[in-house]
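J.: Based on what follows, work out the 3D shape:
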Amino acid sequence: MRKYCLTVGFLCILFFLTGCTGKTRETVSREGFYFDTVVQLSVPEDQEEFLDGAFDVCGEIEETFSRTREGSELYRINHRTDNEVTVSDDMRTVLETGLQFYRLTDGALDITIAPVLELWDFKSEDPQIPDAEALAEAVRKVDAGSLSLEGNSLHFSREDTQIDLGALAKGFAADKLKEYFLENGVDSALINLGGNVLAVGSRPDGTPWKIGIQDPHKERGEISQVVEVTDRSVVSSGTYERSFEKDGVLYHHLLDSSTGYPKDVEAAQVTIISDSSLLGDALSTSCLLLGEEAGTELASEFDNVDIRYEE
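T.: Modelled structure (predicted):
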């Protein structure tokens, strides 16, 4: 059984990229660490100047959605003193998606899971199973149905509600990075946020980007399939992303909001190919939690979405 790895980056999706992707234009890549993962951005060499601004975008998004960073917008929301707060446009977009999928999944995807997540320290070198009583108390605080969002006004009907947007923020970040690149005339780029890969256009030579999907049953970097995409998002979620083993039992980060314990999921991995990475993020987690039959039905409600389960 694999050991837990702090960095989610490159566990879900790897991409193939040669140094030269055309006769006259080469591709240059740069890495940074945001959203608890390795971020790798690739653009044509003659547009390398826009990478600095792209990583600035990553920093701004982290300042918005980090649950643990003091001073971030989400941190301030979770440490509010009133039952109503005004949120930014970016926060509103992600909250709307979270509440939408809370309804679509009958609560399986619940953005108020934060009190439970705080008890599962998957980042620790020696992670432990939470105390059962503490976990039961945390579960009683999970209820996205207690939130209401009208425009940019977020209302809390409970004082103990805490939000976590980890299931959605990377997808939103990928979409914002694509928006930044296009605004600056970069129409060929690859955005790799670990399990979230978003292709901007095609490769500089006009061919599709080749994305390798991590094999959920093998070591990191070993792929099970390759997909070719142009201007599309590829998002994978799996039980291998963050996990640890105790007494022969695997405990993973996909938590059941009704029990606080890891969900007994049918598949090891779900991959979503879509136009929006935020949608792909929401669907990949939701469909893994729901199982193949219900997940496939959910994905069918959205246009231009391809879903792939791996047992």
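
J.: so after the helix or strand of the chain with the lowest mean pLDDT, what's the next helix or strand?
T.: None of the helices or strands of the chain scores lower by mean pLDDT, DSSP states H and E than strand 13-16, at a mean of 40. Secondary structure here is assigned by DSSP states H and E; on that basis, the next helix or strand after strand 13-16 toward the C-terminus is strand 27-34.

J.: Sheet partners, orientation included, of the helix or strand just after that next one?
T.: Scanning forward in sequence from strand 27-34, with DSSP H and E defining helices and strands, the next element found is strand 37-44. Note on strand 37-44: by DSSP bridges, its sheet partners are strand 27-34 (antiparallel), strand 189-193 (antiparallel).

J.: what about the helices in this protein?
T.: All helices of the chain, identified by DSSP state H, fall at 50-65, 73-78, 89-104, 114-117, 132-139, 169-183, 277-290, 292-299.

J.: Need the winner for burial among these.
T.: Each of the helices of the chain was assessed for mean neighbour count using mean count of other CB atoms under 10 Å. The highest is helix 277-290, with a mean of 27. For glycine as for every other residue, the C-beta is placed from the backbone atoms N, C-alpha and C.

J.: Give me the mean pLDDT for that one.
T.: For helix 277-290, the per-residue pLDDT values average out at 97.

J.: and the end-to-end length of stretch 98-111?
T.: 6 Å (CA to CA, to the nearest Å).

J.: Ignore what I typed, I meant stretch 220-236.
T.: Counting by CA to CA, the length from the leading to the trailing residue of stretch 220-236 is 14 Å.

J.: What residues sit buried inside that stretch?
T.: By neighbour count, with 16 or more other CB atoms under 10 Å as the criterion, the buried positions of stretch 220-236 are 227, 229, 232, 233, 234, 235, 236.

J.: Any idea what the nearest residue to residue 33 once chain neighbours are set aside is bridged to?
T.: Of all residues beyond its chain neighbours, the one nearest residue 33 is residue 39 (6.9 Å), with distances taken as CB to CB, 6 or more residues apart in numbering. For residue 39, the beta-bridge partners under DSSP bridges are residue 32.

J.: I'd like the distance between residue 39 and residue 198.
T.: Using CB to CB, to the nearest Å, residue 39 is found at 11 Å from residue 198.

J.: Have a look at those two and say which one is more surrounded.
T.: In this comparison of residue 39 against residue 198, neighbours counted by other CB atoms under 10 Å, the higher total goes to residue 198 at 30 against 24.

J.: Okay, that one and residue 234: tell me how far apart.
T.: In this view, residue 198 and residue 234 are 8 Å apart by CB to CB.

J.: Give the closest residue to residue 251 in space, chain neighbours not counted.
T.: Taking CB to CB, 6+ apart, and ignoring the residues beside it in sequence, residue 251 has residue 262 as its nearest neighbour in space, at 5.3 Å.

J.: residues contacting the one you found?
T.: Listed by CB atoms under 8 Å, 6 or more residues apart in numbering, the contact set of residue 262 reads 239, 250, 251, 252, 253, 254, 255, 256.

J.: just for the stretch 51-200 of the chain, where's the confidence low?
T.: Residues of the stretch 51-200 of the chain that meet the criterion pLDDT under 70 are absent altogether.

J.: switch to 90 and redo it
T.: For the stretch 51-200 of the chain, the stretches flagged by pLDDT under 90 are 121-128, 194-195.

J.: Count the neighbours of residue 33 for me.
T.: With neighbours defined by other CB under 10 Å, the count for residue 33 comes to 12.

J.: I'm done for today, thanks for sticking with me.
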